[in-house]
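Asker: generate coordinates for the sequence data below:
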Amino acid sequence: MAFARPKKREPVGEAGLFDYAVGVLARRMRTVRDLRRLMRNRAEEGEAGERAMDAVCVRLKDLGYLSDTRFAADYTRLRKENEKFGRRRVQQDLMQKGVQKELIATTLAKAYDEVDEVGLAREYVARKRMKKPSGVNAQKETARVMGRLMRAGFSSSTIYKVLREWDLPEEAMPVEGGADSDSYAERDEDLPEF
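Answerer: Residues are numbered from 1 along each chain as shown. Model (predicted):
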C-alpha cells in the first residue's frame with residue numbers, strides 16, 4: 001500500500017503561523033530551529049515566509065513560550081534524572097536538536113559537573129535491569145553491556161569501573177585502552193563536532 005502524499009496546505013500569514021506555533025509548543029517543548037522547521041511547511045514561500053517566521057519566533061520569545069536556554073536545561077535535567085543518560089549522550093542529542101554549542105557547554109557544566117558519573121552509570125544499569133555477564137558467553141555479554149553504556153553516554157573509564165565492580169572473570173574483561181576501548185573519549189574536546 002503506497003502512502004498518500006500530504007495535501008498541499010494553503011500558506012498562512014503571520015497570525016496563522018503564530019496560532020500554529022503556540023499549539024505545537026503546547027504539546028511539546030521545541031528549539032527555535034525545530035519550530036522553524038515545522039512552520040516552514042505552513043509559511044509562504046520566499047522572503048515573506050521567512051519574515052513571518054522571524055516575527056513569530058521573536059513574539060514567542062518575548063512571551064516566554066520559546067527559549068533554547070530553557071529547552072536545553074529542561075531536556076538535560078529530564079535525560080539525566082529520568083533516563084540516567086551520561087553527559088556525552090545528552091550533548092549529542094542537544095546538538096542534533098539544533099542547540100548552540102556554547103549553550104550546550106554551559107548547560108552540561110551546570111547539570112553534570114557535580115554528578116558522580118560512576119553512580120549515574122550504576123543507576124542506568126539498574127534502570128535497564130542489566131545483569132552481570134556470566135557463563136560461556138560472558139565475554140560477548142560484557143561487550144554488549146559496554147556498548148549499551150557507551151551509547152548511553154558514559155566514558156570508557158566509567159564503564160570499566162562499573163565492570164570491575166562485578167568481579168568478572170579475567171577472560172570476560174576486555175583490555176582497557178585496547179581495541180574495544182574508546183581511549184579518545186576521556187577528553188571532551190575530542191568529541192566529533194556536528
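
Asker: show me the strands in the chain, by range?
Answerer: For the chain, applying DSSP state E gives no strands.

Asker: which residues does the longest helix along it contact?
Answerer: In the chain, taking DSSP state H as the definition, the longest helix is helix 47-63. Under the criterion Cβ atoms under 8 Å, 6 or more residues apart in numbering, residues 11, 13-14, 17-18, 21-22, 25, 32, 35-36, 39-40, 43-44, 66-67 lie in contact with helix 47-63. Where C-beta positions appear, they are placed from N, C-alpha and C, glycine not excepted.

Asker: in helices only, show me those residues.
Answerer: Among these, the members falling in helices (DSSP H) are 14, 17-18, 21-22, 25, 32, 35-36, 39-40.

Asker: wait, which of these is closest to Ile159?
Answerer: Val32 (34.9 Å; Cβ to Cβ).

Asker: so how far is Ala15 from the closest one?
Answerer: Distance, Val32 to Ala15, by Cβ to Cβ, to the nearest Å: 20 Å.

Asker: for Leu38, same thing?
Answerer: Separation of Leu38 from Ala15 (Cβ to Cβ): 17 Å.

Asker: who's more crowded, these two?
Answerer: Legend: neighbour count by other Cβ atoms under 10 Å for Leu38 and Ala15, higher for Leu38 (16 against 10).

Asker: so that one sits against Val24, correct?
Answerer: Yes: the criterion here is Cβ atoms under 8 Å, and Leu38 meets it with Val24 at 5.8 Å.

Asker: what touches both of the two?
Answerer: If you check Leu38 and Val24 against Cβ under 8 Å, 6+ apart, the residues they both contact are Arg30.

Asker: so what's Tyr65 closest to, chain neighbours aside?
Answerer: Among residues not flanking Tyr65 along the chain, Leu25 sits closest, at 5.3 Å (Cβ to Cβ, 6 or more residues apart in numbering).

Asker: who are the contact partners of Val115?
Answerer: Val115 neighbours (Cβ under 8 Å, 6+ apart): Lys80.

Asker: now with 10 Å, please.
Answerer: 80, 86-87 (Cβ atoms under 10 Å, 6 or more residues apart in numbering).

Asker: picking up where we left off before, just confirm the residue nearest to Tyr65 contacts Leu66, I think it does.
Answerer: Yes: at 6.5 Å, Leu25 counts as touching Leu66 under the criterion of Cβ atoms under 10 Å.
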